[in-house]
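Enquirer: let's see this in three dimensions:
(chains A and B, ligands or ions: 1)
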Amino acid sequence: MRPILPRGLFQAKEKNITPRERVLMARSPQRPNFKFYSENLFEGFFEVHGDRQYGDDSAISCGIALFEGIPVTVAGHVKGRDLEENVAVRFGMPNPEGYRKFRRAALQAEKFHRPLITFIDTPGAYPGKEAEARGQGEAIANCLYTLSNLKTPVIAIVTGEGGSGGALALGVADRIIMLENAVYSILSPEGFATILWKDAKRSDEACEVMKLTAHDLYEFGITDEIIPEPDGGAENDPQMIIAALREVIAEELRVLMEKDTDTLIDERYEKFRKIGRI
Amino acid sequence: MDNNQNMAKESEIFESRKMKLNLLKAFRDATARKPKIEGVECPACGAKTDDAELQNSMYICEHCGHYFPMPADKRLQSIYDDGEHELLFADIEAKNPIGFPGYKVKLGELKAKTGLDDACVCAKGKIGGHRAVAVVFDTRFLMGSMGTAVGEKVTRAAEYAAEAKLPLIVFASSGGARMQEGIFSLMQMAKTSAAVKRHSDNGGLFISVLSHPTTGGVTASFASLGDIILAEPKALIGFAGPRVIEQTIGEKLPDGFQLSEFQLEHGFADAVIERKQLRETLAQLLKLHRKGGARR
Ligand SMILES: [Zn+2]
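Expert: Below is the predicted model:
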């Protein structure tokens, strides 16, 4: 059974925005980013750094904070507001260290019985030479592996771009929430068009056939809830998004924190097990 | 003189007819022999080998040692004792979960052409006398890509192995997640990783064998999660493909980048094993993982 939809969804559905337009809105540099959420949804965000193996990665931020008085672990992809900020965080494309830091933070959340709340917003993992040499694939795989039975509630919120395995690494959760104009897909539309049609210029066409909007994913039973956005996108009223997220997270945490660990883990397994069950 | 001239003329006609006949015969022979000449050209050295020879050589070029992709059924025969095995979950076929244009037709064509149901095959049998469940990828089917059918088969194999307390061996060769099934393919990464985690938490042994190529969403999920990771020589193994990396960093990658030997050196594989040694190595590993004497 799917959880109830937040208010306003059905009005949102009538807005008649094309998938391509949503992709552009999801990528807008003015859109609320991880820094904004960590400062406005939580109190006393203490950021942790490093994977204890190689280094720290600025494209994923992890920390501990209070949510409505409850200690939680918070993690998310980091995007900047301008070119300079974005260059510093590789436009939100993490290196393996970022995923290993996230895994470390997740295991600490489990140890201290803190719920884990993640914010997904990335074009994908960074396709760099060093990233490959340090095991990008293994780093992502190990996040999926670890989160699949992390013994604490996990809520994932796709706030902007949810691109590829680099997004999914933060997305193995009990609840998957998407902002109305967020997108979540197997690959960027440009990458998709390149692989299937050998032509990145056909990305507009890709947006239409990929089924990557919040409403598509809700129909598929993958996304549990959709947070309505104001006209023109989340940046036009960020506090409205904060208020809606606060309400949804509080309600979901209340439900999830009551479950015993075995039920929580079994239900999370089943949540992904049923996707494409044949 | 007249007689001689006539004889010369006759002989000329005779010769020209003979030549025409010979040409015709040669032409017929050439067209008749065409299917026999057909074989596989080695991309490394250009030598031609016919199918029977390739099968005998385990799909390794006898001239230069190049590894051809191995069809799943041949891999199963080569791995299990006397080639004997029982297929599992053979009825699983992909639907068209995102309604991708032309996908159903494409699947139908590939099924007819390859005789496969999708890009991987599951089986059980014995290796060196030890029972084991195997999943074998086949690159002839959409580059061995993982959509819902592959995700479901890997998951079922892991669940079956956990239930039956059997080791799981996956022979991966895959271009990654399958584009035509969109977000459903991406989610198979989470599903398969969760399934091998459950198998592992149940004390099960998982051996991941990586063949050329193993990339994208398959590398970033179950294929990297083996207790033991083996790789065939010179297989391309990585998350991002070499072309994407080169475009990103704006330089050529060095020779050997992301190949098996590179992964061994960087700590992401336990051993590089020749194809002809794989069966023996797997048998040895299964033997080493029999229930030990240590206290639980
Ligand atoms: Zn050759």
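Enquirer: what about the stretch 1-150 of chain B, any weak spots by pLDDT?
Expert: Within the stretch 1-150 of chain B, the segments meeting pLDDT under 70 span B:1-8, B:26-38.
Enquirer: kindly recompute the last result at 80.
Expert: The stretch 1-150 of chain B contains residues with pLDDT under 80 at B:1-38.
Enquirer: now the strands for it?
Expert: B:40-41, B:48-49, B:85-88, B:120-127, B:130-137 (DSSP state E, counting those that start in this stretch).
Enquirer: check which helix or strand covers B:H212.
Expert: With secondary structure defined by DSSP states H and E, B:H212 is part of strand B:206-214.
Enquirer: following that strand, which helix or strand shows up next?
Expert: Next along from strand B:206-214, by DSSP H and E: helix B:216-219.
Enquirer: what does that following helix contact?
Expert: Contact with helix B:216-219 is made by A:137-138, A:141, A:164-165, A:186, B:137, B:144, B:146, B:172, B:174-177, B:185-186, B:188-189, B:237-241, as judged by Cβ atoms under 8 Å, 6 or more residues apart in numbering or on different chains. Quick note: C-beta positions are derived from backbone N, CA and C, even for glycine.
Enquirer: swap the cut-off to 7 Å and go again
Expert: A:137, A:165, B:146, B:172, B:174-177, B:185-186, B:189, B:237-239 (Cβ atoms under 7 Å, 6 or more residues apart in numbering or on different chains).
Enquirer: likewise for stretch A:25-39?
Expert: A:45, A:61, A:63, A:65, A:74, A:76-79, A:81-82, A:119, A:121, A:159-161, A:181-183, A:233-235, A:238, A:241.
Enquirer: pull the CA atoms of stretch A:221-229 into PDB?
Expert: Output of stretch A:221-229 as PDB, limited to C-alpha atoms (Å, rounded to 0.1, in the frame of the first residue of the first chain):
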ATOM      1  CA  GLY A 221       5.400   2.400  -7.500                       C
ATOM      2  CA  ILE A 222       9.100   3.500  -7.000                       C
ATOM      3  CA  THR A 223       8.500   6.900  -5.500                       C
ATOM      4  CA  ASP A 224       6.300   7.000  -2.500                       C
ATOM      5  CA  GLU A 225       5.500  10.700  -2.300                       C
ATOM      6  CA  ILE A 226       5.700  13.900  -4.400                       C
ATOM      7  CA  ILE A 227       6.400  17.300  -2.800                       C
ATOM      8  CA  PRO A 228       4.500  20.000  -4.700                       C
ATOM      9  CA  GLU A 229       6.500  22.900  -6.000                       C
END
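Enquirer: burial of the residue in the stretch 151-278 of chain A that chain B sits nearest to, as a residue count?
Expert: Nearest residue of the stretch 151-278 of chain A to chain B: A:G276, at 3.1 Å (Cβ to the nearest Cβ). Using other Cβ atoms under 10 Å in any protein chain shown, A:G276 has 25 other residues around it.
Enquirer: separation between it and the ion?
Expert: 39 Å (Cβ to the ion, to the nearest Å).
Enquirer: please apply the same query to A:K35.
Expert: 55 Å.
Enquirer: just B:E163 next, same as before
Expert: 43 Å.
Enquirer: now A:Q136
Expert: 31 Å.
Enquirer: what does A:Y269 give?
Expert: 46 Å.
Enquirer: please, where are all the helices along the stretch 101-250 of chain B?
Expert: Ranges of helices in the stretch 101-250 of chain B, per DSSP state H, counting those that start in this stretch, are B:103-114, B:148-164, B:182-201, B:216-219, B:242-249.
Enquirer: which one of the ones you listed is the most hemmed in?
Expert: helix B:216-219 (a mean of 32; mean count of other Cβ atoms under 10 Å in any protein chain shown).
Enquirer: perfect, that will be all.
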